[in-house]
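S.K.: can you look at this prediction? I've put the sequence above it.
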Amino acid sequence: MSSPELKKNRPSLSLRIPQPKSRPGDTPDFSNLIIPDAGAAPRPDIAAHPREMMNLAWSLIRVLDSKGRAVGPWDPRLNPETLRRALNHMLLVRAFDDRMYRAQRQGKTSFYMKCTGEEAIAVAQAYALDRNDMCFPSYRQQGLLIARGYPLVDMMNQIYSNAQDPVKGRQLPIMYSTKEYGFFSISGNLGTQFPQAVGWAMASAYKGDDRIAAGWIGDGTTAEGDFHYACNFASVYRAPVILNVVNNQWAISSFQGIAGGEESTFAARGIGYGLPSLRVDGNDFLAVYAATAWAAERARANLGATLIELYSYRAEGHSTSDDPARYRPADEPRCWPLGDPIERMKQHLMALGEWDEARHEAAQKEAVEQVRAANAEATANGTLGEGKIPSVKTMFEDVYKDVPWHLRRQRQQMGV
Amino acid sequence: MATMTMIQALNSALDVMLARDENVLTFGEDAGYFGGVFRVTDGLQKKYGPTRCFDSPISEGGIMATAVGMGAYGLRPVVEIQFADYIYPGYDQIVSEAAKIRYRSAGEFTAPITVRTPYGGGIFGGQTHSQSPESLFTHIAGLKTVIPSTPYDAKGLLISAIEDDDPVIFFEPKRIYNGPFSGHHDQPVQPWSKFAEADVPEGHYTVPLGKAAIAREGNDVTVLAYGTMVHVSKAAAEESGIDAEVIDLRTLVPLDIETIVASVEKTGRCVIVHEAPRTSGFGAELAALVQEHCFFHLEAPIGRVTGWDTPYPHAFEWHYFPGPARVIEGLRKAMER
Ligand SMILES: Cc1ncc(C[n+]2csc(CCOP(=O)(O)OP(=O)(O)O)c2C)c(N)n1
Ligand SMILES: [Mg+2]
């Protein structure tokens, strides 16, 4: 025990509250970002011990350089045909988001969330996974569905809560669910899916299956206990799962420092659990693809889970209920140093001589047209705005497998 | 006196308490710089500095646990859970810790915490922005549960909650943040500024915990309601011509049993109205209490008008929500005998 005299000389403590570098009215400031060169990060063998690759949790795996060339050991060497298909899928995601955002503004539905600036993540990961691998997404991975070929019109039916809505009007728009496409029912309660992905993977291992699972969580949501449950169980049971943290810098109005991203990286969280932990340029399609393919190969070889931080930027509002100009500089998205994933892919294909402005414009038009056609079909099925919703009777179904007496009574009381 | 919405009244309560007591501080997801997704903490960080009003990580368990620790030190934290639907990761800290610390330490440690959280439906929020989980808290010994229905009460009750030495769960019916709601969703929203309950003193005052209010006097039947359903019940009384006495419970635990008993003894009939699902809802507790206290005064079975026993379904907002038609039906039934 120290004496009271000694105590007197101690400085008083103070409470630290993290602050972002810039707020509305300030010049966007990304000077603290350390962006290693493309091609600089080493690519370890999939069987390497996590201890041997700890640096990758603080580095940034990048393949596309500033001129759009693919460089370094992580270059997945995809053929031009695949690259073009991927670009088309990213364009389709963006066109879809734009159309659905407008639909919400027009009163056709209650809510929408875009993934603008993050298209490369879900699309590249869908490409790197097998079609039968199971996804436990958050609400910003619509690209998984689109890249897997889930019908746009079914996504829209869900968004419009109409009679064809696959989840029967029960869920907020964008809370998709489709077992057939390996896409787990999205929860509004943040983070819950992350350890569920681990459980699915444990089940797959238990059954001697060859399918793996992948989960997604936002930077902000890593603060939930679920994130730690996932890392812990994944490590302990060496579950065949890929745990993805999408660090888009913001969680509604809170910058990633509020989730603890300033003192360390989100990828580095995995190290304490003994998980291989990769930090990846999330706006670089090739880097995302390569890192995911590496983790998938590792999981399939029974070597267990990988934590991947996908470093990106949420270029638009959190949702249709949000106005980011209230908490960050209006031009911050434009200043994001890792650019736009679609532009970078376009630049890459052009550098390869496999693309040009005219083709790009035509592809953009084609994406918009595809979305327009799907939207015409979906709106013909009805929209929430018009009150064209599924049969009210269905509201009492699926609470339980069989409808118990008290719910039957309540349904009768409602007169349906 | 000023005219305030419920949001402004709650903001004013926090403002008053931050100014009066440096042991009061407030935090929650997006509650700092941005001022909360419903703007209840708007301007407070600017006025009192970032250590008095700040953003928390997205961790309801962490929010509740650190509030308990702060309370153990002697602070009076007021925490915001962004939606009541997201309180569950913090439930263990509320139920096993905050609620029980006084008892298990024989009064040595306490948890003078206020948990503010927007609650209830009527905004097309789907199943995770619409829930009314009050009975999960009224069931827990050691917790107080408060639900205001007007700007005036919201401010006075929030100040009482913050000054209270026990943990208080403070549910804010988000549908009536900006104006009362009759349940007629097809009619334009009336702003609070048109109503006398929006006249709110700018300074310190309290509305005591544990005291109900008579929201509408009447002689035919007693309606027990709280939050948004107070307004729906009042509208139902007017529209049905049934002279209902609407009691706004304001605090569920501790409950103002005297006011309830006096009214039911006068009317001889009782209908309980809440948005929350029926089974094991707070209405079940109320029905049991009324039966125990007023059995010989009752002319008819006690009625319940509630949400259904399903998750809150997005598209069926107005089928789920117990609007005026269902409340009127409940009143009629109570008047049949
Ligand atoms: C348990 C829980 N707490 C709070 C919320 C409210 N909420 C919805 S999204 C969000 C921000 C999430 O940010 P992040 O994890 O970074 O994902 P992003 O939106 O950036 O993709 C919050 C706080 C919620 N849905 N669930
Ligand atoms: Mg985020």
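M.R.: Perfect, thanks for sending it. Ligands and ions are numbered 1, 2, ... in the order given.
S.K.: report pLDDT for A:Val246.
M.R.: What the model reports as pLDDT for A:Val246 is 98.
S.K.: cool, A:Lys8 as well?
M.R.: We have a pLDDT of 74 for A:Lys8.
S.K.: over to the one 3 residues further on?
M.R.: A:Pro11 is assigned a predicted lDDT (pLDDT) of 94.
S.K.: what's the burial count for it?
M.R.: When neighbours are counted by other CB atoms under 10 Å in any protein chain shown, A:Pro11 registers 5. From N, CA and C alone the C-beta is placed, and that goes for glycine too.
S.K.: and what of A:Lys108?
M.R.: When neighbours are counted by other CB under 10 Å, A:Lys108 registers 24.
S.K.: got the contact list for the residue lying closest to A:Arg94 once chain neighbours are set aside?
M.R.: Excluding its sequence neighbours, the residue lying closest to A:Arg94 (CB to CB, 6 or more residues apart in numbering or on different chains) is A:Glu119, at 6.1 Å. Contacts for A:Glu119 were tallied using CB atoms under 8 Å, 6 or more residues apart in numbering or on different chains; they are A:Met90, A:Val93, A:Arg94, A:Gly143, A:Pro341, A:Ile342.
S.K.: contacts only, for the fifth one.
M.R.: Contacts here follow CB under 8 Å, 6+ apart; on that basis A:Pro341 touches A:Met90, A:Gly117, A:Glu118, A:Glu119, A:Ala120, A:Ile121, A:Gly282, A:Asn283, A:Asp284, A:Phe285, A:Ser312.
S.K.: in which helix or strand would I find the residue nearest to it when sequence neighbours are not counted?
M.R.: Nearest residue to A:Pro341, sequence neighbours excluded (CB to CB, 6+ apart): A:Ala120, at 3.5 Å. If you go by DSSP states H and E, A:Ala120 is part of helix A:119-128.
S.K.: distance of A:Val93 relative to A:Tyr150?
M.R.: Distance of A:Val93 to A:Tyr150, computed by CB to CB, to the nearest Å: 12 Å.
S.K.: neighbour count winner among these two?
M.R.: A:Val93 (29 against 19).
S.K.: what angle separates the helix or strand that contains the more buried one from helix A:119-128?
M.R.: Element membership of A:Val93 [criterion: DSSP H and E] is helix A:80-105. Helix A:80-105 runs at 130 degrees relative to helix A:119-128, counting by axes from the mean of the first three to the mean of the last three CA atoms, to 10 degrees.
S.K.: now the element after the helix or strand B:Lys234 falls within, going C-ward?
M.R.: According to DSSP H and E, B:Lys234 maps onto helix B:228-240. Later in the chain than helix B:228-240, the nearest helix or strand by DSSP H and E is strand B:244-248.
S.K.: skipping its backbone neighbours, what lies nearest the residue of the stretch 51-200 of chain B found nearest chain A in space?
M.R.: Using CB to the nearest CB, the closest approach of the stretch 51-200 of chain B to chain A is made by B:Thr128 at 2.8 Å. Distances taken as CB to CB, 6+ apart put A:Gly188 closest to B:Thr128, at 2.8 Å, once the chain neighbours are dropped.
S.K.: with B:Lys174 instead?
M.R.: Spatial nearest neighbour of B:Lys174, chain neighbours left out: B:Pro118 (4.1 Å); criterion: CB to CB, 6+ apart.
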